Structure formats: structure tokens, C-alpha cells
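*Asks:* Here is my input, please return the structure:
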Amino acid sequence: MEIIQHAIKKDFTFTLKSTCLDENYHPSRQTRLTTNFANLAKGANRQQNLRNALNMINNRFNALAHEDNDKGDRYHVELEIMTVTMSIDTNTSIDNLPMMEVLKTNIFDHKTGQQIEGVAGNNFSSYVRDYDFSILLVEYNKNKSSFTVPEGYGDLHGKLYKYFVNSDTYKEHFKQSPIICLSVSGNRTYTRTEFQHPVLGFEYLQDEYSLTDQYFSKMGMKVRFFMPQNSVAPMAFYHSGDLLADYTDLGLISSISTMETFQKIYRPEIYNANSAAGKIFKPSLKHEDYSLTRVEYDRVERSRLAIEQGKYCEEYFIKPYQSILEQWSANFGL
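*Replies:* Numbers count the residues shown, from 1 in each chain. This is a model prediction of the structure:
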């Protein structure tokens, strides 16, 4: 496990920890248990779950990276869990709140023996995001006739994310900015365009800007929707910079193969459906014509833990350090 520290002005310290995700992985106490990989790494079948998921990722990668790869076994994808923890230097300092967690892909080329850096951002998760969506937003809309968001919603999370991604620490260990790949929304309709990228596939446009889009825009990210070759539904690719020009084909393939695998496991109604999305696509978790993978996943537990972890963030981070956080946020970028 590699540990790197970076000070944030006077009060904050970020620590970046790297842990290998393989079939022997066990979630640590600092890992956010709502992450997809932590969900798979529990229970009696944990090792088989991880082995099956990793095989799915590698098979999908080699299917997309088919050039000079006739046997479909040229590449091997290795995954690192990148955990960003945070300490506050006060008299009542918390002990390293796990702020964010992502997967980083690394690609090994068996033909050349080359190790190729992939893309960070896969399976992005955040305690503050859990708080914003599962606690703050729910409480704010309790007993209201129409759904609204509070003023400044997502500001703190967005600034913490941007500060870390733009820090020297991040740049020293990652060559590119993250791609955060998510499922499309069941509340939106998507229309296929004529534009087809050689790796990402056909681009789709959504009919309306979503709350998730707004939240990620405060992280400095924009979104495009693509359905890769032989996929059955488009995915949302949140990015900064130029999604089509800033990343290599193998880097994009590593993100697609990783996140499509987790989406097939987590949302099979959409991403493991038995028929592909048409020109106009309305995703739904009520869709019944789909297949299950050979990987066990507890969606009920994931939803419950999101609320628990949001409450944890509120109790140990948001409330005790509210004045410090407000001051830091107000001065951010000045």
C-alpha cells in the first residue's frame, strides 16, 4: 500500500492510499462499503464474486481491443483502489475521514510486456456525496409539495474534488484527469445521434439536464453519453477537458470494460438486458427482459449503507467542522 500526503493550506491534509483489487481483496475499515467492489468482497462467495467480475472486465477489454489480438487474451487489466482520506488539524481532529474513493486501471500488454497506465475515476464514491444526496436533500424536501435543491447544493463537495484533482499530489501520480462513468438516468430519455466514435460507440443526447449533471458540473465536469460496440445501453461519461482527444483508446477501453461490468452486475435491467437500446431509449429498472450475471450483489444493503455513511459524514465532518469548512469554501480559488 502506497501512501502520499499533501497539505491543504493550514487546516486540511489529504492522504492518498493505493490498494490492489484482486480476488484476495478484503475491504478495510476505511473503505466506503457502498462502493461496488466492497459489496462484492463480502460473504461466503466473496472470492468467486471478485474472480468472476475481474474475468468479465478482462474479457470485455480484449473484445474491444481486438486489433492484433486474435485469441482475445493479449491484455490484462489490473485495478487499484485509490482512497483519498482527509484530516483536519484542530484540537479535536478527526482520524482520517475517507473522503473519496475511485478505481484506477492499469493495463498489461502480454505481447510487448508493456505496462500501460489506464484511467482513474471508475466507481467514484464520496462520503460528502452520500451526505448531500441521502441526508441533506431528503431532509430539505421533507413535507414539500415539489422537489427543490438548497442554495449552494454540492458546492463544498465540488470544491474539495477540484482541489484534490488539481493538486500537485494528484498530478504527480496521475497523468490525466478522471473519467467518472455512471449509469444513465431512469428519469430521462436518450436519443441516438449519427456520431460514432471508434471506441466509445454511438453518442446519445439526453432530453433534459439532470440533478447529477448539475452536481458534477460543480466538480468541473461535463457529460456525454455513448453506447460502445456490443453494449446494450449508453453510459454517462463525466469528464473535464476533451473526452475524445485527451485519452488513449486503451485508456477509454479500460474505463468502459470496468464500468460496464459493474453496471451489468448492479443494474442488469439496463446493462444486461436481452435487447439493445434503440434510437430513442428510456432506461428503467422495472424492465424484466434481462439476464443475471454469476456475481452476487446486495442492492438493498448498498442503499441502506449510503444513508448510514451520509449520517456518519454529517456527525463527524459536516457538523463539527462547519465553520472551518464554510471559511475554506468561501476562500476557495481566491
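*Asks:* Listing request: residues of the stretch 1-150 of the chain with sub-threshold pLDDT.
*Replies:* Per-residue confidence of the stretch 1-150 of the chain (counting by pLDDT under 70) places the weak regions at 1-11, 28-39, 41, 89-97.
*Asks:* Now do the helix or strand hosting Q327, average pLDDT.
*Replies:* Element membership of Q327 [criterion: DSSP states H and E] is helix 322-331. Confidence for helix 322-331, expressed as mean pLDDT, is 88.
*Asks:* Tell me which residues of that helix come out buried.
*Replies:* Neighbour-count burial for helix 322-331, with 16 or more other Cβ atoms under 10 Å as criterion, is recorded at L325, W328, S329. Where you see a C-beta, it was placed from the backbone N, CA and C, and this is true even at glycine.
*Asks:* would a markdown table of those residues with distance to H287 be doable?
*Replies:* What follows is the buried residues of helix 322-331, written out as a markdown table (distance: Cβ to Cβ, whole Å):
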| residue | distance to H287 |
| --- | --- |
| L325 | 41 |
| W328 | 44 |
| S329 | 41 |
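*Asks:* Just give me the closest of these to F195.
*Replies:* Using Cβ to Cβ, S329 comes nearest to F195 of the buried residues of helix 322-331, at 38.0 Å.
*Asks:* What residues does the closest one make contact with?
*Replies:* Applying Cβ atoms under 8 Å, 6 or more residues apart in numbering, one finds that S329 lies in contact with D155, L156, K159.
*Asks:* related to what we said a few turns ago, distance from the chain centre to the helix holding Q327, please.
*Replies:* 26 Å (Cα atoms, centre = their mean, to the nearest Å).
*Asks:* Same question for stretch 53-62.
*Replies:* The offset between the C-alpha centroid of stretch 53-62 and the centroid of the whole chain comes to 18 Å, using Cα atoms, centre = their mean.
*Asks:* now the helices for the stretch 151-300 of the chain?
*Replies:* Counting by DSSP state H, counting those that start in this stretch, the segments of the stretch 151-300 of the chain that form helices are 155-165, 168-173, 211-217, 249-266, 268-271, 299-313.
*Asks:* Out of the ones you listed, which is the most enclosed?
*Replies:* Ranked by average neighbour count under the criterion mean count of other Cβ atoms under 10 Å, the helices of the stretch 151-300 of the chain are headed by helix 249-266 at a mean of 25.
*Asks:* For that helix, C-alpha coordinates in CSV please.
*Replies:* Coordinates of the C-alpha atoms in helix 249-266 are reproduced here as CSV (Å, rounded to 0.1, in the frame of the first residue of the first chain):
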residue,chain,number,x,y,z
ASP,A,249,-8.0,4.2,-27.0
LEU,A,250,-6.8,1.7,-24.5
GLY,A,251,-7.5,4.1,-21.6
LEU,A,252,-11.1,4.6,-22.8
ILE,A,253,-11.5,0.8,-23.2
SER,A,254,-10.3,0.2,-19.7
SER,A,255,-12.9,2.6,-18.3
ILE,A,256,-15.7,1.1,-20.5
SER,A,257,-14.8,-2.5,-19.6
THR,A,258,-14.6,-1.8,-15.9
MET,A,259,-17.7,0.2,-15.5
GLU,A,260,-19.9,-1.8,-17.9
THR,A,261,-19.0,-4.9,-15.9
PHE,A,262,-20.1,-3.2,-12.7
GLN,A,263,-23.3,-1.9,-14.3
LYS,A,264,-24.2,-5.4,-15.6
ILE,A,265,-23.9,-6.6,-12.0
TYR,A,266,-25.5,-3.7,-10.3
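*Asks:* Stretch 61-72: which residues count as buried?
*Replies:* F61, N62, L64, A65, N69.
*Asks:* Save those residues as JSON lines, and put in secondary structure and distance to V165 too.
*Replies:* Shown next, in JSON lines, are these (DSSP: H, G, I helix; E, B strand; the rest coil; distance: Cβ to Cβ, whole Å):
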{"residue": "F61", "secondary structure": "helix", "distance to V165": "25"}
{"residue": "N62", "secondary structure": "helix", "distance to V165": "30"}
{"residue": "L64", "secondary structure": "helix", "distance to V165": "26"}
{"residue": "A65", "secondary structure": "coil", "distance to V165": "27"}
{"residue": "N69", "secondary structure": "coil", "distance to V165": "32"}
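*Asks:* what residues are up against E80?
*Replies:* E80 makes contacts with S18, T19, C20, L21, L103, K104, T105, N106, as judged by Cβ under 8 Å, 6+ apart.
*Asks:* closest to C313 among the contacts of S329?
*Replies:* When these are compared against C313 (criterion: Cβ to Cβ), the nearest one is L156, at 10.8 Å.
*Asks:* isn't the closest one right next to V128, touching?
*Replies:* Yes: contact between L156 and V128 holds when scored by Cβ atoms under 8 Å: they sit 6.5 Å apart.
*Asks:* before we move on, back to that, looking at the helices of the stretch 151-300 of the chain, which is closest to N49?
*Replies:* In this view, the helices of the stretch 151-300 of the chain are compared for proximity to N49 by Cβ to Cβ, and helix 249-266 is the closest at 8.7 Å.
*Asks:* other SSEs contacting that closest one?
*Replies:* For helix 249-266, the elements it packs on are helix 36-40, helix 46-64, strand 75-88, strand 97-109, strand 114-126, strand 180-183, strand 235-239, helix 268-271, judged by 3 or more Cβ pairs under 8 Å, 6 or more residues apart in numbering; DSSP states H and E.
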